[in-house]
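Provided below for reference: sequence and predicted model.
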Amino acid sequence: MDFTTDQSLALEEAYREYYEANGIPDSRGGVGLAASAGDSPAASGPDRLGSALGLSTTHISPRGNKATDKWAVEVSVGGTLLSVKGRKALGKAPGGGIRGEVSGFSRGSRRRLMRKIASIDRERQRDIPIFGTLTYPSVWPDDPSRWKRDLDTWGKRLMRRYPKAYVIWKLEPQQRGAPHFHLVIFGVPWMDKDWLSQSWYDVVASGDEKHLRAGTRIENIRSWRGVMSYASKYTAKVIDELPPGWESVGRMWGIIGRKNMPITIVRFAVTRQVAHHVRDFLWSVIGGPPPGWIQFDDDGLTAIVDWHRIIAELRRALALDEAAPVAA
């Protein structure tokens, strides 16, 4: 069925009103925090985390950057990313230095993309995202900078139509060598397929009616579990080697509408006992360290964990810390 622009916008608004009227069902990613003033999505990250952990904000304030704070925990509030950080010995520079020339979509890039999605606050992000693809016609430009300009132009059209939207995009080559964008579209409860097809067709100035009919694809996902599964399989697929003509492609993933992303990372200092307890928990989630792994006292670790489990495990860790004997 074809919809006019007014009909499409009216349908999108009806979807949004339905979700608001019926709360946030579990299948659409509600995180189920205990009811209190600090649990409101409008509350600050430290307030919400402190409320969920049963702590005051003085205990959960963003800390862990001082020279005296050797261990820290980082939590994506309302998301599924949990990290424990250990401060290395003085003289060791953090990080891996300047990234080299892009020659594919590495495992490090995949990890950063998946962690970005996992950091999104599902309490504030009320709608499950939509997955989409943008494909070029049988003849396409061979300049990678043109591909990025086309995506940028399309992204501006999207933001004019959906001002609260944001998109995580991933560029990859098709078997024929043509560029192909995978999109995870947030803040849009329903999208008119005809609008998506026409907008991309106009941006690339295709002129190919077959491309108008088949140059885009859209898919609705039913749960956050499905979102992470789909993103892992398609959006975050590792590409070890790029085809000829892709040597100057640059970044292969990015974000449109970044200012709309509901991400709050809270970092706070913890004791050695809490840090090691959280790290052991994260290893259990991942499946244990690889063979031959040497664990140092201040090694950190990050994993994607269900929000309920994050809160339960942090409560358990902090309770163990409180029960520990105080040194004389």
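Structure received. This structure is a prediction, so every number in the text was calculated from the model and none was measured. Numbering: from 1, shown residues only.

for Trp310, grab phi and psi.
Let me fix one detail, which is that residue 310 is Ile and not Trp. Dihedral angles of Ile310 (phi, psi; degrees, to the nearest 10) stand at phi -60, psi -50.

for it, which non-adjacent residue is spatially closest?
Leu82 (5.0 Å; CB to CB, 6 or more residues apart in numbering). Backbone N, C-alpha and C define where each C-beta goes, glycine included.

helices or strands next to the host helix or strand of the one you found in the packing?
Following DSSP states H and E, the helix or strand that holds Leu82 is strand 81-86. Judged by 3 or more CB pairs under 8 Å, 6 or more residues apart in numbering; DSSP states H and E, the packing partners of strand 81-86 are strand 71-76, helix 272-286, strand 301-304.

hey, where'd the strands end up in this protein?
If DSSP state E is used as the criterion, the strands of the chain fall at 71-76, 81-86, 130-135, 166-173, 179-186, 216-220, 253-256, 265-270, 301-304.

save those as JSON lines, and put in mean neighbour count too.
Formatted as JSON lines, the strands of the chain follow (neighbours: other CB atoms under 10 Å):
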{"stretch": "strand 71-76", "mean neighbour count": "23"}
{"stretch": "strand 81-86", "mean neighbour count": "22"}
{"stretch": "strand 130-135", "mean neighbour count": "20"}
{"stretch": "strand 166-173", "mean neighbour count": "22"}
{"stretch": "strand 179-186", "mean neighbour count": "23"}
{"stretch": "strand 216-220", "mean neighbour count": "15"}
{"stretch": "strand 253-256", "mean neighbour count": "18"}
{"stretch": "strand 265-270", "mean neighbour count": "19"}
{"stretch": "strand 301-304", "mean neighbour count": "19"}
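
which of those strands sits closest to Leu113?
For Leu113, the closest of these is strand 253-256, at 5.3 Å, according to CB to CB.

tell me the mean pLDDT for the closest one?
For strand 253-256, mean pLDDT is 94.

just stretch 114-131 next, same as before
Mean predicted lDDT for stretch 114-131 stands at 91.

do stretch 260-274 as well
The average pLDDT for stretch 260-274 rounds to 92.

ok, stretch 308-323 next?
What stretch 308-323 shows for mean pLDDT is 86.

CA atoms only for it, dumped as PDB, please.
Extracted C-alpha coordinates of stretch 308-323, given in PDB (Å, rounded to 0.1, in the frame of the first residue of the first chain):
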ATOM      1  CA  HIS A 308      19.400  -6.200  35.500                       C
ATOM      2  CA  ARG A 309      22.500  -8.300  35.900                       C
ATOM      3  CA  ILE A 310      24.700  -5.200  36.000                       C
ATOM      4  CA  ILE A 311      22.700  -3.800  38.900                       C
ATOM      5  CA  ALA A 312      22.500  -7.100  40.800                       C
ATOM      6  CA  GLU A 313      26.200  -7.800  40.500                       C
ATOM      7  CA  LEU A 314      27.300  -4.300  41.500                       C
ATOM      8  CA  ARG A 315      25.000  -4.500  44.500                       C
ATOM      9  CA  ARG A 316      26.600  -7.900  45.400                       C
ATOM     10  CA  ALA A 317      30.100  -6.500  44.900                       C
ATOM     11  CA  LEU A 318      29.500  -3.400  47.000                       C
ATOM     12  CA  ALA A 319      27.900  -5.400  49.800                       C
ATOM     13  CA  LEU A 320      30.900  -7.700  50.000                       C
ATOM     14  CA  ASP A 321      33.100  -4.500  50.200                       C
ATOM     15  CA  GLU A 322      31.000  -3.200  53.100                       C
ATOM     16  CA  ALA A 323      31.200  -6.500  54.900                       C
END
